[in-house]
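Student: Here is the input, now give the coordinates:
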Amino acid sequence: MPDRNVSRRPIAFWRMIGPGLLVAATGVGAGDLATGALVGGTLGVAVLWAVVLGAGIKFVLNEGLARWQLATGSTLLEGVVKHFGRVAQGVFLVYLLMWTYFTAVALMSACGIALHAMLPMGEAASDKVIYGIAHSVLAVVLVEAGGYKLFERVMSVCIGLMFLTVVMTAVAVGPAWGEIVSGLLVPSIPDMDGEGLRWTVALIGGVGGTLTVLCYGYWIREEGRSSPEDMQACRVDLVAGYSMTALFGIAMVIIGSRISVEGKSAELLVRLAAQLEQELGTVVRWAFLLGAWGAISSSLLGVWQSVPYVFADLLRLSRKTSEAVSTVNTKGLAYRGYLYAMATLPAMGLFRSFETVQKAYAVFGAMFIPLLAVVLLLLNGSAARVGEAHRNRWPSTLGLLVAIGLFVVYGYFEILRRL
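Tutor: Predicted coordinates for the structure are as follows:
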């Protein structure tokens, strides 16, 4: 393992924020895009502050994960197994397998629908399967061919594409800038038949990724960050990544507030693009579709590259060994086997309705955030475990409690809605 006490040379800014950009590109998918558009259409730009709050909560979670890893030299999974035992490890393995299946199906479906909107070959149902599988195969090829470095370059292009095109589309719809400033700076929740709070909580929770937050720890190891001295670089790149995530979410809320459309997730994006063409022309439609496709495909590529890290690390921890490793072996059987399984087995789910798959994906993703917040409260709250200099301070503790509280509030509203 690299010497965690060695001094670090200055790193170029764009190289420094690389892992943060990966977080942004992987964390923004079809569900995030659709949620932003739906909330914008329902509540308008008055709740833009909620996007910023949601990005801030995800920053707190990822900063806590990085702080644990750099302070202890172990991944968060190692900390969970060491302090909470094999039962927690087994429960997480079951959760990981189920999350992987539903997430892989949802991402392949979303990619297929997005590309069908740009290059239709036949019916949407058949195109979804063909294009979805094609995206999965291409992602495997990219991961196998170039490893982390090629993955980082491709993802940088994708996030640049999605960021520029979607933000430009938001500007093109002619928003009321005064209302936008007010929505960002003055927290308010419009009362829309009692649904305002529920939609606002959904928007806060929908910003950024879920289980892929864990992958940040493996990406910073790929960058050679292993010392507490690297914590400042992590904070800088996380601020950059979640700032882009927030701007992207703000843009989607603005678009949704100006273009009225209904639908489900990626299907909603297709209809939104058609509505944009009617009101603003073909160029804006194509720009938006390219940005949406860049967001969804980069999310798929990010999951394909990063989630096998988590499985390989979990499998390593199931063996009784004290061996320390600096990075997961991406050429090993555990990583590659999980990559191939994730890229192929869930394809059978492409024949299910998109709404059913997306709902299961959303439920399993939402479960992870409060669990992660509880783990970080317990592990990073102890000076004996991370050292006095790295334990949670009150801003981190408050952010983690808010993350847990939002899950409780949202769960309460979902129960009421189903009664």
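
Student: could you pull out the strands for the stretch 301-419 of the chain?
Tutor: With strands called from DSSP state E, counting those that start in this stretch, the stretch 301-419 of the chain shows none.

Student: Tell me how far residue 35 lies from residue 369.
Tutor: 14 Å (CB to CB, to the nearest Å). For the C-beta atoms, the positions are set from N, CA and C on the backbone; glycine is no exception.

Student: Please apply the same query to residue 292.
Tutor: From residue 292 to residue 369 the distance is 24 Å (CB to CB).

Student: Between the two, which has more neighbouring residues?
Tutor: Legend: neighbour count by other CB atoms under 10 Å for residue 292 and residue 369, higher for residue 292 (29 against 22).

Student: these two touch, right, the more buried one and residue 32?
Tutor: No. Between residue 292 and residue 32 there is no contact under CB atoms under 8 Å: 10.6 Å.

Student: Could you list the single helix or strand in the chain with the lowest mean pLDDT?
Tutor: helix 13-16 (a mean of 60; mean pLDDT, DSSP states H and E).

Student: Moving along the chain from that helix, name the first helix or strand you hit.
Tutor: Going down the chain from helix 13-16, the next helix or strand is helix 18-27, by DSSP states H and E.

Student: How far away from the center of its chain is that following helix?
Tutor: 8 Å (CA atoms, centre = their mean, to the nearest Å).

Student: List the contacts of that helix.
Tutor: 58, 62, 152, 155-156, 158-159, 162, 208-209, 212-213, 215-216, 219-220, 223, 234, 236-242, 244-245, 248, 295, 298-299, 301-303, 306 (CB atoms under 8 Å, 6 or more residues apart in numbering).

Student: Among those residues, name the buried ones.
Tutor: Buried members of the contacts of helix 18-27, counted by 16 or more other CB atoms under 10 Å: 58, 62, 152, 155-156, 158-159, 162, 208-209, 212-213, 215-216, 219-220, 223, 234, 237-238, 240-242, 244-245, 248, 295, 298-299, 301-303, 306.

Student: relative to helix 18-27, how tilted is the helix ranked longest in the chain?
Tutor: Longest helix in the chain, counting residues (DSSP state H): helix 124-172. Calculated by axes from the mean of the first three to the mean of the last three CA atoms, to 10 degrees, helix 124-172 forms an angle of 120 degrees with helix 18-27.

Student: what about this protein, any weak spots by pLDDT?
Tutor: 1-16, 192-194, 261-267, 320-327, 352-365, 411-419 (pLDDT under 70).

Student: Around residue 107, how many other residues sit close by?
Tutor: 30.

Student: quick one, what contacts the closest residue to it other than its chain neighbours?
Tutor: Ranked by CB to CB, 6 or more residues apart in numbering and with sequence neighbours excluded, the top spatial neighbour of residue 107 is residue 300, at 4.2 Å. Shown in contact with residue 300 (CB under 8 Å, 6+ apart): 29, 107-108, 110-111, 135-136, 139.

Student: quick one: which of the residues you listed is most hemmed in?
Tutor: Neighbour-wise, the contacts of residue 300 (other CB under 10 Å) top out at residue 110, 33 neighbours.

Student: ok, that residue touching residue 28?
Tutor: No. The criterion here is CB under 8 Å, and residue 110 misses it with residue 28 at 11.6 Å.

Student: still on that earlier bit, for residue 96, state which of the contacts of residue 300 is nearest.
Tutor: Lowest distance from residue 96 to the contacts of residue 300 (CB to CB) belongs to residue 107, with 15.6 Å.

Student: Now that that closest one has come up, it's in contact with residue 302, right?
Tutor: No. Using CB under 8 Å, residue 107 is not in contact with residue 302, being 9.5 Å away.

Student: wait, what's in contact with the nearest residue in space to residue 121 that is not next to it in sequence?
Tutor: Closest residue to residue 121 apart from its sequence neighbours, by CB to CB, 6+ apart: residue 127 at 5.5 Å. By CB under 8 Å, 6+ apart, the contact set of residue 127 is 112-113, 115-116, 120-121.

Student: Would you confirm that residue 89 contacts residue 313?
Tutor: No. With contact defined as CB under 8 Å, residue 89 and residue 313 do not form a contacting pair (10.8 Å).

Student: Just want to know which of the two has more residues nearby.
Tutor: More crowded of residue 89 and residue 313, by other CB under 10 Å: residue 313, with 21 against 16.

Student: residue contacts, that one?
Tutor: 75, 77-78, 218, 328.

Student: cutoff 6 Å now
Tutor: By CB atoms under 6 Å, 6 or more residues apart in numbering, residue 313 lies in contact with 75, 77, 328.

Student: For the closest residue to it other than its chain neighbours, give its distance to residue 387.
Tutor: Nearest non-adjacent residue to residue 313, counting by CB to CB, 6+ apart: residue 77, 5.3 Å away. To residue 387, residue 77 is 20 Å away according to CB to CB.

Student: same deal with residue 124?
Tutor: 55 Å.

Student: what does residue 56 give?
Tutor: 25 Å.

Student: between these two, who's got more neighbours?
Tutor: A direct count of neighbours by other CB under 10 Å for residue 56 and residue 387 places residue 56 higher, at 17 against 12.

Student: Could you say which helix or strand holds that one?
Tutor: helix 48-72.

Student: quick one: that helix to helix 18-27, angle?
Tutor: Using the same axes, to 10 degrees: helix 48-72 against helix 18-27 is 130 degrees.

Student: Could you list every helix and strand in contact with helix 48-72?
Tutor: Contact partners of helix 48-72 among helices and strands, from 3 or more CB pairs under 6 Å, 6 or more residues apart in numbering; DSSP states H and E: helix 177-185, helix 196-205, helix 216-222, helix 231-258, helix 354-379, helix 394-418.

Student: Which elements pack onto the strand or helix carrying residue 83?
Tutor: According to DSSP H and E, residue 83 maps onto helix 76-118. Counting contacts by 3+ CB pairs under 6 Å, 6+ apart, helix 76-118 is packed against helix 124-172, helix 265-280, helix 282-318, helix 354-379.

Student: now those helices as TSV including distance to residue 23?
Tutor: Below are the helices and strands packed on helix 76-118 laid out as TSV (distance: least, CB to CB, whole Å):
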stretch	distance to residue 23
helix 124-172	10
helix 265-280	21
helix 282-318	9
helix 354-379	14
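
Student: Of the ones you listed, flag the one that's most buried.
Tutor: Highest mean neighbour count of the helices and strands packed on helix 76-118: helix 282-318, a mean of 23 (counted as mean count of other CB atoms under 10 Å).

Student: distance between that one and the chain's centre?
Tutor: Centre to centre, stretch against its chain (CA atoms, centre = their mean), the figure for helix 282-318 is 8 Å.
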